[in-house]
Every structure is written in C-alpha cells, then in structure tokens.
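In: Generate a structure from the sequence data that follows.
(chains A and B)
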2 protein chains.
Amino acid sequence: MMSQRVKVKQILADDRTHYEVTVKGWVRSFRNNQFIAVNDGSTNNNLQVVIDTENTDPALLKRITTGAAISAVGEVIPSLGKGQKVELKATTLEILGDCDPEKYPLQLKNKPSLEYLREIAHLRFRTNTFGAIFRVRHALAFAVHKFFNEQGFVYLHTPIITASDAEGAGEMFRVTTMDLNNLPRTENGEINFKEDFFGKSTNLTVSGQLEGELGAMAFGEIYTFGPTFRAENSNTARHLAEFWMIEPEMAFYELKDNMDLAEAFIKSVIGYVLENNREDLEFLATRLLEEEKQKPQQERSEMGLIEKLEFVLNNEFVRMTYTEAIDILKDSKPNKNKKFQYLIEGWGADLQSEHERYLVEKHFKKPVILTDYPKEIKSFYMKLNEDGKTVRAMDILFPGIGEMVGGSQREEDYDKLVARMKEMHVPVDELSWYLDTRRFGTAPHAGFGVGFERLMLFVTGMTNIRDVIAFPRTPKSAEF
Amino acid sequence: MMSQRVKVKQILADDRTHYEVTVKGWVRSFRNNQFIAVNDGSTNNNLQVVIDTENTDPALLKRITTGAAISAVGEVIPSLGKGQKVELKATTLEILGDCDPEKYPLQLKNKPSLEYLREIAHLRFRTNTFGAIFRVRHALAFAVHKFFNEQGFVYLHTPIITASDAEGAGEMFRVTTMDLNNLPRTENGEINFKEDFFGKSTNLTVSGQLEGELGAMAFGEIYTFGPTFRAENSNTARHLAEFWMIEPEMAFYELKDNMDLAEAFIKSVIGYVLENNREDLEFLATRLLEEEKQKPQQERSEMGLIEKLEFVLNNEFVRMTYTEAIDILKDSKPNKNKKFQYLIEGWGADLQSEHERYLVEKHFKKPVILTDYPKEIKSFYMKLNEDGKTVRAMDILFPGIGEMVGGSQREEDYDKLVARMKEMHVPVDELSWYLDTRRFGTAPHAGFGVGFERLMLFVTGMTNIRDVIAFPRTPKSAEF
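Out: Here you go, the predicted model:
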C-alpha cells in the first residue's frame, strides 16, 4: 500500500510499464468478474483494472458495482485487450464506498436522457457527457484568464450586489435582509429602504460594465469574469437567471480595436480547448453526431463539432455594418417569400434571431460582426457616430448561437453622454460616479461582453444552456 | 501618428532606445512646463515625456494638468534625468481628455487619506497605492487559477443563488422578485414563496463547499473561486458583506493531504506575486513602512512586507493539534497574568482572536495549522475522530490576519454524518442531494476555504479589508 496514487490520465499518457501504482476512483463497469473500468474524473477514459478473480473473496467481488469507490494497488502492464495500451494488474483491491445497484440512479439499463440528468445534476458529473462538458468548461475558463493575463489586462471583481439599475439591461433580483413579515415603513407608509442592510434598495448585478469602465480609465485594460443575473421569466433552452459573463473594457480602444480584440479572444480560447481537451471534444463530437442522427437531414449541421471549431479558428469573421446587413436581409429569399416571422421592411428594424441566423447560417456561413446599429435599439453609453443616427456598437453573431458578443465603443464626451442619458431617461444624478470618467481625463474607450455559457454551447455542441452550467437557475428551479 | 502604441511598462523594460512610439495615458505631474510624468496603469512607474516647450501652444500647455488623458508621439531616448533610464522626446502631443485641477479630487495638495479614497473608490485606482493593490489582486487571482490548473483541478462554478441555508455559516441575504408592496400570501396569511421567482425562498450563497463536494466525487479534485456573502451587521476592518472565496475540494484526500495542499497553495500564490509583481510589492512595502512610523515602536512589524512574504515562502508552517495549542495557551504569560480578555480555563474553549494572535505572532512567529478541534465548535460535515470528541478540522492562522484558511476532512460515512446532522439540527431531508455522495460510492475526502481578501491583506500589507476589494459592500454602504 506504499505506492503513490497516480491519476488515470497520467497512467494512460505514460509510455512506461512495469511500475507499481495506487489508483483511486469509481467503477464504471465490471466485466467477467475480472475487468474493472475505473474512472477518477481526470479524463473520460477509464483504466482497466484486472483482478485475480480466483483469489478474491466472493463477498468483495459482489461489492464491485457501478459507482462504487475503490482503491487498487498493482503493476501497470501492457494490455492485451483492445482499446487500451496499458492496464493495472491489481494485487490489492479495497472498496472505499459501496454503491447499491438497485438504488443508484446512473445504474440504468437505458442511457439516461439529458432531461433526466438535469434532475440529478448533483450526480450527472459522473457521466461521460458531463465529465467532458465540465472539464471543457474548466479549460475554457482558464483560457479566458490566460488570454487576458498575457495581454496585460487587470482582472477586476466588479460588485455583485449593486444599488444601481442604471444599465437597464433587464429585470433584476432584489437583495434584502428586511423581515418580509414586518417591513419597515416611512411615515408615508412606503417601504423604508433606509432600514435595509445597505441603507437603500439593492439588486443583483446585470453587468459589470459601468464599474469596469472605471477600472479601464486607470489600468488601461481590465476584464471582469463573474456571475450576472436576469430575473426574466423565460423558460427556454437559451436563458438562465444566473450566468457567467466576461466583460473586457479598454481605454484608448476604438471600435476596430474592440473588434480585433474580441475576434482574437474567441479564437484564442477555442484554440486552447482544441489543444488541451482533444479527448473531451472528440467525445462530445461523437455525442453530437449521434444526436443529429435523430434529426431530419436538412436540419443536421454540415460540419462536425471539431471541424466547426477549427473553421472558426482559421477563418476571419465577416465584418459589416447594420445598414449593409439590412440590405442583404431585405433582398433575401425568406424576406421576399415572406418566410420571416418579422419581415424586414427597411432600415431601423431590430434584428430578430431569425435574421441573425439567416446571415450567419445561410448567407455567410461564418461568424459575423455587425456594427453601427441605429441608436434607438442600443444602450445609452454607446458612442454616437457622426451621422447622428447610428452608434459604434458591435454584435458578434455565431452559427447556432446568435449573439455571442455584444459591445461598443463608449461615448467618451461628457456633454453628448449626458444628452443621450436624458433622452433615454437614464438617471444622471445616480450615475455621477460613472460620469466622473468623462469629467476627469476622458479618452476614447471600448469594451464588450461575452456570455460564458453561450461560448460553452458553441464549444461543446450542446443545445440546452442548462447542460453547460453546473447548477442551472431558471424560473421555479433553484435546486442543490 | 503612424507609430504603434506601446505600454509604459514595456517601454521601461526595453533596453532599446531611438525608436518611435505612441504613448497614451494620464498625466501624473507636469514640471517646469516641460516634463510630463505619464502613467497608463500598466505599472506604477511613470514615463517621462519631454516636450518642446518653446514650440508648444501656451493654450495646450495649460491643459497639461494632473489627471488629463494624453497621447504623445516621439522617440524613446536615454534619459539624462535621475530615476529613469529612458524618456520620450515628444514630437506630437494631443490632449484626449481634460481634467480641471480645481475639481479633480486627486489634485489635492495633501496626500489623500485611505478613508477619503474609500469614498471615491471609482477614482482611487488612479493612485499609486491602489494601482499597486489591484495589480497584485489580479496577479494573485491568476496565480490561484494557475496553481489549480497545473494540479489538474476542475474549476467549478457553484451557484450564487441558493435555496439551502444548510451550512449555517452565517446570516444570509434574501433574493426575491416579489413585489414587497403586494406580497403573495397563502390561505393562512403566510408569505407564499411558491409565487417567488424560483418557487421557493432563496438566498445568496455563504459557501460553495457542499456543491463542491458533489464535483469532487466525480472529478476527484475541484475548486471554486467566486463571490460569497454574509449579512452580518459587522462594521469592522475585517468584515465584508460580499467577498471572494476559494474552495478546493478533493476526493481521496485525508487531513494531512489537505494540509499539504493548503500550504503548497499559499506558498505558490505568494511566490507568483513575488516573482511577477516585485515593483508593486516594493511600493506597498514602502507605504507600509511609512504607515508603521506613525505607530509606537512595539506595535511595528519586525519584518518588512517583502521579508514577511519570503519568510512564509521559505518556512514550514507549524502543525499542531488544538489540544496542544490549549496547553501552550494555558501556560502562556498573558493567560497567567490575566491579560487575555477570555482566559483559557481548559480544553473545549473556542479560540478567540487574541489567542490565535498569541500563538502565531508571539509564540511561534509563523503560520500555524491547528487541527483536531472539539466537535462542538465546528461544522456538522467534519469527520469525527476515533476519540469521539474531536473532528479532523484544520485552521491556518496567519500573523496579523488570524484565520486565513478553514478546512477539514469531511465525514464520508453516511450513518455518522446523518447522526451528526440530527444532533446539530441540520435538516436531513433538504440535504438529500448532499447525502447522495455518501450513499453512492463514498470515499475519504477533504477541502478548505480561503478568504481571498484576507490573502490580499497579507500580501499587500493593507490593514482594512475595504482597501483590497474594488467596491466594498458593508452595512449601509453599496456605492458604485
């Protein structure tokens, strides 16, 4: 029992044989009373542990069931079986934790559905699919930090609890410590938020952008990567009430610099996962292929998962203005044949998912960066173009995903920004601190936001956003 | 204007001279109508930009004020002045954003106090002190991810909004979308949380540990790094309502493995910052020295900041049991002379800050890992020792900080865990998902939590926790 514990991933990657190790993990299967497939979470691949059946207590043999935790000591030897180069010839086997096959939810004769696994999200990490997904999620998160660190960005933790609803990005969750059965009231009978924990009404953040800009105007380049919240009552495969967002914000960047950074960023993190999580991606690619077989031919992807990731990596994103996109859409078949639910009549229309999908999936067949949207359909902080009609916004649209990135050059001119805020009824007084960036040493700057789970959908090929976050929060559901 | 923008840090680190660059940043000072100290946030060090005063428009000269954003093009040349090797001989200077010296809060004759800077937290990043602090924070956060990634841990995003108050770690913030002026009621007149967004009463998480354990029992080793919350009404230099925590959780680890990992982790991240942020640490060390000069001799630190970090890096932490610590404390001078506020009468006492400080600051003068605490003063999930009295807890105590790390081996035995939960009135039914880890393939496992801001206090030498997080949330305060 003195040999060192080595992880399965390392044993399988090692060319050596004939050395002693200890392996600890969980039984994935037990064949012929002799071959145990052991998984320890370090990789989707199992280590085959071969036991000396004749000299093993039959009572012990019975306890080797799917899901049981075991510790095995033995020699790593070349494997005669198919599918693995090495296996472990066990000299000692210990059951660390039993797993009753009658009760174990993953001990099903039929492959559990993704829907069923969502209900047992606390156990689904133990399946190959979710093992691969969450190792990819780890790698993708690490790639985010690595990219920005190498570029000299400062990681800024913007606040989660905030008193401002300034961005107007969506409905918010209230945060309070008041006793709901005995709410403090003012003399007028209104709820007295001065008595609440923070002395005012507070919510969960919908974006760290405004605070991020404060950092950018000191450090030059910052990024956030943290949870954000939307209290939208949308029960769809695309919406979460709690999700993670990446928001870089850069001083001295104009719109083109912003686009260059966003494209480089996405390519960098996809490249990292392709390089570091090949096995997981291959597993997910096969899964996707199986899933697509259920679909009619014309709905299937033209490319496999890895092919699609490599395509994005190796091709420049299309860059065009909103105005150019409207021209394409107006002349498009589905618009002429009235197949769009929302027909494009002309300039000014807000693009719907069907239009974005047409552009990226049918027309260009690659990621598209749309810029210079009408100011009416974008946020107050975006820089007004000289035409007075459009703002320096950019949205990056991805096949199968829609909007992956939303960003803009920010309005750095104090007077123009205040005028825009008044037009859009954004409270100027409450955002005095934000306006200070324009009062004191303002400069051109830009930034964007990336929904981490949308990136995950694209990279893993999963189609329901609840399958790429560990414990999804959605209307009427906050389990675990 | 065609030369490339280069960051100040890079220009100062480059041995080359006589090349053209564009520099963009903010004016820190302007001397003799000729020398501009420019900072762009990439380093605390400024680049000296020398302008041709005689050929510069006097109206432009007047606009070169502290805080103004500028763009300068010129040649990097060897500097004749003291304090820098190179400087920029500007051929073009542009003011990107003015900064009115009459109104700029950082344009003070006297050095602004830390208290004052807390009130203008949106601008304090622009000072040398907070520039250094938040670059160190970035580096420390990156070092956390780098360490765990290299060890094969999976970064797990545990939920922020949670329906369980199971850990009992402290008072919680309620999260709700109910209309407080029109709360839904059941027939009995009670608040009907079924009508709330998640269909039940929800709070902000106090710890990701329980969910982390779910991940560890599949991936082997996971860590979390995210915001956590305490609705404690404590207005001290040590408490935040919102703070970031790092929580690794490892299957097949016992208490000793847990201690080894925690010690290696702390040393690794401190080593990273020493290697990568030397200039920032040197600045903070000087700042601390200045601050300590205000204190009476006996209250000053024996070591400087960098010396202290290197000391931790190069010395083994003391490891001892709670029982041994009680013996030391009982026999200590302050206990015998009744100088402790809470006198140590014998075994079982909860250690107060004064006792922890005595152990690490007076007795051992280094970090101390205390283990095997009485079960009565620790959480339900900690593994019971064979003595039936103590649990396999570990706290790492740091000089000047107190508890930096709190962890334990977890109780992996289903029956023992349930018995302990019942004894401590922890709702067994609500934690059925947690107990599944003990039902299905349980294994010895362990984990710990590190308060990121406490680590920041130690590494930066700052004494108020509000100075090491960008936008502190404390009772009656949620600005920006």
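
In: can we go C-alpha only for contacts and neighbour counts from here?
Out: OK.

In: and the closest residue to chain B within the stretch 201-350 of chain A, how many residues sit next to it?
Out: Closest approach between the stretch 201-350 of chain A and chain B, counting by CA to the nearest CA: A:Phe219, at 3.7 Å. Neighbourhood size, A:Phe219 [other CA atoms under 10 Å in any protein chain shown]: 27.

In: for A:Pro367, what are its contacts?
Out: A:Pro367 makes contacts with A:312, A:317-318, A:360, A:396-399, as judged by CA atoms under 8 Å, 6 or more residues apart in numbering or on different chains.

In: Can you read off the backbone torsions of it?
Out: Main-chain torsions, A:Pro367, degrees, to the nearest 10: phi -60, psi 140.

In: ok, now the one 5 residues further on?
Out: With angles defined as degrees, to the nearest 10, A:Asp372 shows backbone torsions of phi 60, psi 60.

In: What about it, how many residues nearby?
Out: Neighbour tally, A:Asp372, other CA under 10 Å: 24.

In: same question, A:Val86
Out: 24.

In: Roughly how far does it sit from chain B?
Out: A:Val86 sits 21 Å away from chain B, going by CA to the nearest CA, to the nearest Å.

In: Can you check what pLDDT the model gives that residue?
Out: Here, the pLDDT recorded for A:Val86 equals 97.

In: swap in the one 5 residues further on?
Out: The predicted local distance difference test score for A:Thr91 is 96.

In: what's the nearest residue to it once chain neighbours are set aside in contact with, if anything?
Out: Take A:Thr91 and drop its neighbours on the chain: the residue closest to it by CA to CA, 6 or more residues apart in numbering or on different chains is A:Gly74, 5.0 Å away. By CA under 8 Å, 6+ apart, the contact set of A:Gly74 is A:20-22, A:88-92.

In: Direction included, what does the helix or strand encompassing A:Gly74 pair against?
Out: Using DSSP states H and E, A:Gly74 sits within strand A:69-78. Strand A:69-78 has the following strand partners under DSSP bridges: strand A:20-31 (antiparallel), strand A:86-97 (antiparallel).

In: Now A:Arg238: closest residue in space, sequence neighbours ignored.
Out: A:Ile465 (5.5 Å).

In: and what of A:Thr53?
Out: Closest to A:Thr53 by CA to CA, 6+ apart is A:Gln34, at 5.8 Å.

In: Let me know the secondary structure of A:Leu261.
Out: helix (DSSP: H, G, I helix; E, B strand; the rest coil).

In: Compute the number of surrounding residues for it.
Out: A:Leu261 has 17 neighbouring residues, counting by other CA under 10 Å.

In: Then A:Gly400?
Out: Close neighbours of A:Gly400, defined as other CA under 10 Å, add up to 15.

In: Confirm it sits in a helix?
Out: No: counting by three-state DSSP, A:Gly400 is not part of a helix but coil.

In: closest one to A:Arg300 among the strands paired with strand A:69-78?
Out: The closest of the strands paired with strand A:69-78 to A:Arg300 is strand A:20-31. By CA to CA, the value is 31.5 Å.

In: immediately after the closest one, which helix or strand?
Out: Using DSSP H and E, the next helix or strand after strand A:20-31 towards the C-terminus is strand A:35-39.

In: packing partners for that next one?
Out: strand A:20-31, strand A:47-50 (3 or more CA pairs under 8 Å, 6 or more residues apart in numbering or on different chains; DSSP states H and E).

In: ok, and which of these has the densest surroundings?
Out: Neighbour counts (mean count of other CA atoms under 10 Å in any protein chain shown) averaged over each of the helices and strands packed on strand A:35-39 peak at strand A:47-50, with a mean of 24.

In: Show me what that strand is packed up against.
Out: Using 3+ CA pairs under 8 Å, 6+ apart: strand A:47-50 touches strand A:35-39, strand A:86-97.

In: Please identify the most buried of these.
Out: Burial of those is given as mean neighbour count (mean count of other CA under 10 Å); strand A:35-39 ranks first at a mean of 24.

In: what's the angle from that one to strand A:20-31?
Out: 110 degrees (axes from the mean of the first three to the mean of the last three CA atoms, to 10 degrees).

In: Strand A:35-39 pairs with which strands?
Out: Strand A:35-39 pairs in its sheet with strand A:20-31 (antiparallel), strand A:47-50 (antiparallel), by DSSP bridges.

In: so which of those comes closest to B:Leu261?
Out: The closest of the strands paired with strand A:35-39 to B:Leu261 is strand A:20-31. By CA to CA, the value is 18.0 Å.

In: Please enumerate residues in contact with that closest one?
Out: By CA under 8 Å, 6+ apart, strand A:20-31 touches A:1, A:3-8, A:36-41, A:46, A:64-76, B:220, B:252, B:441.

In: chain center to it, what's the gap?
Out: Computed by CA atoms, centre = their mean, to the nearest Å, the chain-centroid distance of strand A:20-31 equals 31 Å.

In: Can you show me the CA trace of it as CSV?
Out: Listed next in CSV are the C-alpha coordinates belonging to strand A:20-31 (Å, rounded to 0.1, in the frame of the first residue of the first chain):
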residue,chain,number,x,y,z
GLU,A,20,3.7,-0.1,-9.2
VAL,A,21,0.9,2.5,-8.5
THR,A,22,-2.1,3.0,-6.4
VAL,A,23,-5.3,4.0,-8.3
LYS,A,24,-8.4,5.5,-6.7
GLY,A,25,-11.6,6.1,-8.5
TRP,A,26,-15.1,4.9,-9.3
VAL,A,27,-16.2,1.8,-11.0
ARG,A,28,-17.8,2.5,-14.4
SER,A,29,-18.3,-1.2,-15.3
PHE,A,30,-17.3,-4.6,-14.1
ARG,A,31,-17.0,-7.4,-16.7
